[in-house]
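Trainee: pasting the structure only:
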């Protein structure tokens, strides 16, 4: 995918702003539709319907759902300490769902529904927006801040487990309770019992973060001159 890299600041700002607005539009526009479905039909209309006084109305317990809200806020308010977790986590989560959308895309794959379009657009933007911001040198992933990503991962796991244990005991947020690969086509992972599956999953997440940081570092060395503060 060739990322647009325009010289005009207004064009760059427009691309970033439109991406952020779309992320929030699909999140809360979707919740408005699902709440209205609940009011009119209850839970019979779809598995997405829910009452207004529900955690899903505000935010998710999934990493992509959290970053769906956090990423625009981090960009707009320039929350630098959060970028080292939110940006690579958004990239990894978006890629994971686009490549293996287990438990995300429902129904006939040839029939486009709003939940399906919403999922595809949101996860594409979760990959695109951080990559674009790195491309235009609005942000640099630096290994010296790796601990911020680590803290973010621990907090995200704790938040998901709170949702799994106390908000909805039947949920499987971040696939921490049940193996999403069970009986699927992924070797080894499809054979692991629930609970044990978290060990390779956490290992894969660690390797994913490491890969994102390595690719970003390689891109910086090849295409970006060091900033004045980085020069000796």
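Mentor: In hand now; what should we look at? None of the values given here were measured: they were computed from a predicted structure.

Trainee: which residue is the nearest non-sequential neighbour of the residue most central in space within the chain?
Mentor: The residue lying closest to the centre of the chain (C-alpha atoms, centre = their mean) is residue 64, at 2.8 Å. For residue 64, ignoring the flanking residues on the chain, the nearest one in space by C-beta to C-beta, 6 or more residues apart in numbering is residue 93 at 4.2 Å. The way it works is simple: take the backbone N, C-alpha and C, and place the C-beta from them, glycine included.

Trainee: check contacts around the residue nearest to the centre of the chain.
Mentor: Remark: with contacts taken as C-beta atoms under 8 Å, 6 or more residues apart in numbering, residue 64 is in contact with 90, 93-94, 97, 122-123, 126.

Trainee: which one of those is nearest residue 204?
Mentor: Each of the contacts of residue 64 was checked against residue 204 using C-beta to C-beta; the closest is residue 93, at 12.4 Å.

Trainee: now the helix or strand harbouring the closest one: mean pLDDT?
Mentor: Per DSSP states H and E, residue 93 falls inside helix 80-99. Averaged across helix 80-99, the pLDDT comes to 94.

Trainee: burial check on residue 51, number of neighbours?
Mentor: Residue 51 has 13 neighbours, counted by other C-beta atoms under 10 Å.

Trainee: against which helices or strands is the helix or strand of the chain with the lowest mean pLDDT packed?
Mentor: Lowest by mean pLDDT, DSSP states H and E among the helices and strands of the chain is helix 55-58, with a mean of 88. Applying 3 or more C-beta pairs under 8 Å, 6 or more residues apart in numbering; DSSP states H and E, we find helix 55-58 packed against helix 9-41.

Trainee: so where do the helices sit in the protein?
Mentor: According to DSSP state H, the chain carries its helices in the segments 9-41, 55-58, 63-77, 80-99, 114-135, 146-162, 198-223.

Trainee: which residues of this protein score low on pLDDT?
Mentor: Scanning the chain for pLDDT under 70 picks out the ranges 1-7, 43-47, 101-111, 225-232.

Trainee: please redo it, this time with the cut-off set to 50
Mentor: Within the chain, the ranges that satisfy pLDDT under 50 run 231-232.

Trainee: which ones are touching the residue nearest to residue 115 when sequence neighbours are not counted?
Mentor: Among residues not flanking residue 115 along the chain, residue 48 sits closest, at 5.7 Å (C-beta to C-beta, 6+ apart). Taking C-beta under 8 Å, 6+ apart, we find residue 48 in contact with 30, 34, 37, 115.

Trainee: buried subset of those, written for ChimeraX?
Mentor: This is the ChimeraX syntax for the buried subset of these, where burial follows 16 or more other C-beta atoms under 10 Å:
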select :30,34,37,115
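
Trainee: just the closest of the contacts of residue 48 to residue 16, please.
Mentor: residue 30 (21.6 Å).

Trainee: wait, doesn't the closest one sit right on residue 118?
Mentor: Yes: the criterion here is C-beta atoms under 8 Å, and residue 30 meets it with residue 118 at 5.2 Å.

Trainee: returning to that earlier point: tell me which of the contacts of residue 48 is nearest to residue 177?
Mentor: Checking these against residue 177 with C-beta to C-beta, the nearest one is residue 115 at 22.1 Å.

Trainee: put together CSV for the helices of the chain, with distance to residue 186 on each row.
Mentor: Formatted as CSV, these follow (distance: least, C-beta to C-beta, whole Å):
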stretch, distance to residue 186
helix 9-41, 28
helix 55-58, 28
helix 63-77, 19
helix 80-99, 11
helix 114-135, 19
helix 146-162, 21
helix 198-223, 10
